[in-house]
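Engineer: Predicted model follows, preceded by the sequence.
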Amino acid sequence: MDATKASPKEISDAILEDKRLTRVYPTPPNALSDQERAEILKVCASPEYRSLPPAQIVPALADQGVYLASESTFYRVLGDAGLNKRRGRVALPRRRSKPNHVAMGPREVWVTDISYLPGPIKGLFYYLHFIMDLYSRKIVGYEIYENESSENLATVLKRATLNEGSLAPSVLHSDNGSPMKGTTLVALCYLLGIAASYSRPRTSNDNAHMESMFRTVKYCASYPHDGFASLMAARVWIEGFVQLYNEEHHHSGLNFVTPNQKHNGEDVMILAKRVKVYEEAKAKNPKRWINANTRN
């Protein structure tokens with residue numbers, strides 16, 4: 001049709017007949033099948049993974065020798081199913097300053113802090129005393145008391161040191177709270193050869209790892225926000241949390257290995273095995289791997 005001589009109606013009819021509008025495009029070779037999408041949704045809905053984000057699910061599956069899809073693909077499939085929401089009970093992440101200390105191995109730097117836990121009635125609190133290894137993020141010492149004190153924290157430090165084969169850390173970092181600067185704890189650090197380190201005044205980010213740890217505790221799905229029924233109930237709950245965290249939590253700051261795996265030096269072998277799983281998956285369907293490199 002000569003567009004210069006055609007009437008407006010003829011031009012309109014020609015546009016309506018444009019076959020590009022009804023063209024059926026071929027399925028991309030790297031597209032997921034319906035069965036693969038269903039498997040991803042099934043895994044995400046399973047009791048083991050339903051409270052975890054894809055960033056933790058993918059490496060956890062890889063540690064079992066299983067690869068379904070990339071982290072971004074998991075998010076896309078969940079989004080298509082209307083399920084792409086924050087999984088578990090979480091708060092929006094906040095930017096934090098880098099800590100002052102850097103640990104290159106376990107037992108080099110421990111960080112400690114105390115946080116309150118709600119009791120059975122309004123105004124009654126229990127006090128969670130925590131010590132964490134900065135290198136592995138492993139909780140090496142913990143206890144809940146009815147009050148916060150230097151004596152209580154010293155007891156937790158003694159116990160943590162014994163549990164670590166009587167190997168004390170080189171540095172114990174804390175904020176400027178009175179329990180952290182109390183005579184009992186300071187004297188124990190001196191006896192064990194531990195250098196005490198403190199945050200700058202009014203600078204909570206100097207102990208950001210402990211702030212993040214308490215956030216993890218209080219946003220745990222099973223955390224009783226109405227309060228713990230008793231001191232014993234609080235101690236039983238935190239014992240279960242610590243076991244789950246140290247042994248099963250795939251930590252984002254540790255390339256998604258668990259704190260225990262990092263602490264015991266098992267992470268190197270696990271990450272190497274994970275890379276092998278990703279490489280095998282890439283070899284089976286290279287078109288799905290836009291980036292030439294596989295993640296660890």
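Structural biologist: Received it, and whenever you're ready, just let me know what you need.
Engineer: For residue 72, what is the enclosing helix or strand?
Structural biologist: Using DSSP states H and E, residue 72 sits within helix 71-80.
Engineer: So which bits of stretch 62-77 are buried?
Structural biologist: Of the residues in stretch 62-77, those with enough neighbours to count as buried (16 or more other CB atoms under 10 Å) are 62, 63, 67, 68, 69, 70, 73, 74, 75, 76, 77. For every residue, glycine as well, the C-beta is placed using N, CA and C.
Engineer: my bad, should have said stretch 122-138
Structural biologist: Residues of stretch 122-138 classed as buried: 125-138 (neighbour count, 16+ other CB under 10 Å).
Engineer: what's the answer for stretch 215-235, then?
Structural biologist: Neighbour counts over stretch 215-235 (16+ other CB under 10 Å) mark 217, 220, 227, 228, 233, 234, 235 as buried.
Engineer: Now render these as CSV, adding secondary structure.
Structural biologist: Converted to CSV, these look like this (DSSP: H, G, I helix; E, B strand; the rest coil):
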residue, secondary structure
217, helix
220, coil
227, coil
228, coil
233, helix
234, helix
235, helix
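Engineer: for residue 75, what are its contacts?
Structural biologist: Counting by CB atoms under 8 Å, 6 or more residues apart in numbering, residue 75 touches 54, 84.
Engineer: what's the spacing between stretch 66-83 and its chain's center?
Structural biologist: In terms of CA atoms, centre = their mean, to the nearest Å, the centre of stretch 66-83 is set 18 Å apart from its chain centre.
Engineer: With only the CA atoms kept, save it in PDB.
Structural biologist: Included here for stretch 66-83 are C-alpha records, laid out as PDB according to Å, rounded to 0.1, in the frame of the first residue of the first chain:
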ATOM      1  CA  VAL A  66      21.600 -29.300  45.200                       C
ATOM      2  CA  TYR A  67      21.300 -26.300  42.800                       C
ATOM      3  CA  LEU A  68      17.900 -25.100  41.600                       C
ATOM      4  CA  ALA A  69      18.500 -21.600  40.500                       C
ATOM      5  CA  SER A  70      20.300 -18.400  41.300                       C
ATOM      6  CA  GLU A  71      19.400 -16.100  44.200                       C
ATOM      7  CA  SER A  72      17.900 -13.500  41.700                       C
ATOM      8  CA  THR A  73      15.800 -16.200  40.000                       C
ATOM      9  CA  PHE A  74      14.400 -17.300  43.400                       C
ATOM     10  CA  TYR A  75      13.400 -13.700  44.000                       C
ATOM     11  CA  ARG A  76      11.800 -13.400  40.600                       C
ATOM     12  CA  VAL A  77       9.800 -16.700  41.000                       C
ATOM     13  CA  LEU A  78       8.600 -15.600  44.400                       C
ATOM     14  CA  GLY A  79       7.700 -12.200  43.000                       C
ATOM     15  CA  ASP A  80       5.700 -13.800  40.100                       C
ATOM     16  CA  ALA A  81       3.800 -15.800  42.700                       C
ATOM     17  CA  GLY A  82       3.100 -12.700  44.900                       C
ATOM     18  CA  LEU A  83       5.300 -14.100  47.700                       C
END
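Engineer: what is the rounded mean pLDDT of it?
Structural biologist: Model confidence over stretch 66-83 averages 84 on the pLDDT scale.
Engineer: Report the backbone C-alpha coordinates of stretch 156-176 in PDB.
Structural biologist: What follows is stretch 156-176 as a C-alpha-only set of coordinates in PDB (Å, rounded to 0.1, in the frame of the first residue of the first chain):
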ATOM      1  CA  VAL A 156      30.200 -15.400  81.400                       C
ATOM      2  CA  LEU A 157      33.700 -14.600  80.300                       C
ATOM      3  CA  LYS A 158      35.200 -17.300  82.500                       C
ATOM      4  CA  ARG A 159      32.800 -19.800  81.200                       C
ATOM      5  CA  ALA A 160      33.400 -18.800  77.600                       C
ATOM      6  CA  THR A 161      37.200 -19.100  78.100                       C
ATOM      7  CA  LEU A 162      36.800 -22.600  79.500                       C
ATOM      8  CA  ASN A 163      34.500 -23.700  76.700                       C
ATOM      9  CA  GLU A 164      37.200 -22.500  74.200                       C
ATOM     10  CA  GLY A 165      39.800 -24.800  75.700                       C
ATOM     11  CA  SER A 166      41.000 -22.300  78.300                       C
ATOM     12  CA  LEU A 167      42.100 -20.000  75.400                       C
ATOM     13  CA  ALA A 168      41.300 -16.400  76.100                       C
ATOM     14  CA  PRO A 169      40.900 -13.800  73.400                       C
ATOM     15  CA  SER A 170      43.600 -11.100  72.800                       C
ATOM     16  CA  VAL A 171      41.000  -8.300  73.000                       C
ATOM     17  CA  LEU A 172      37.600  -7.900  74.600                       C
ATOM     18  CA  HIS A 173      35.600  -5.000  73.100                       C
ATOM     19  CA  SER A 174      32.600  -3.500  74.700                       C
ATOM     20  CA  ASP A 175      30.700  -0.200  75.100                       C
ATOM     21  CA  ASN A 176      31.300   2.200  78.000                       C
END
